[in-house]
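Peer 1: sequence and computational prediction follow.
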Amino acid sequence: MPEAIFAAGCFWGVEDMFRQHPGVTNVEVGYTGGSGENPTYEEVCGGTTGHAEAVRIEFDETRTTYSALLETFFRIHDPRQVNRQGPDIGTQYRSAIFTCSDDQRQAAHSAKDAVNEMLESSETVATEILPASSFWRGEEYHQQYFAKHRRGH
């Protein structure tokens, strides 16, 4: 199965939104884009590793496309914000697309350019586009966080 890796702020909400995307078969939260192996949540939040909170998505290409995932990515967060999303501040909350192939890199740049064209002239998309590196699965208590905590409500 192909995969996509996105960082768009706190990974709980990002994971939840992508779980609802048709054609997505699996989503897990974790850390990528930094240095060191197997970082913990505390290390990432401490800003010492350079990792971003991210989601790794597996998807069925017969039911969705990478371009459709990019549309969702840009819709569910504010890509103009640098190292933050809403009240969450720090490099771990940056907007980034970690591409797994040259085709993904090209599609990501095209999508970013399209979003930039829709913005006011004084605004710009801050989303980084980087080659995928090691993805470290987050702690179990972060996986499907919203689904686990909505029960009984």
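Peer 2: Received it, and whenever you're ready, just let me know what you need. Computed from a predicted structure; not experimentally measured.

Peer 1: report the contact partners of residue 29.
Peer 2: Counting by CB atoms under 8 Å, 6 or more residues apart in numbering, residue 29 makes contact with 11-12, 14-15, 53-55, 137-138, 142-143, 145. To be clear about C-beta, it is placed using only N, CA and C from the backbone, and glycine gets the same treatment.

Peer 1: the residues you listed in helices, which ones?
Peer 2: The helices, defined by DSSP state H, take in 11-12, 14-15, 145 from these.

Peer 1: any of the contacts of residue 29 buried? List them.
Peer 2: Taking 16 or more other CB atoms under 10 Å as the criterion, what is buried in the contacts of residue 29 is 11-12, 14-15, 53-55, 138, 142-143, 145.

Peer 1: one step back: what's the farthest-apart pair in the ones in helices among the contacts of residue 29?
Peer 2: Using CB to CB, the ones in helices among the contacts of residue 29 reach their maximum pairwise distance at 14 and 145, which is 10.7 Å.

Peer 1: quick check: which ranges of this protein have low pLDDT?
Peer 2: Within the chain, the segments meeting pLDDT under 70 span 151-153.
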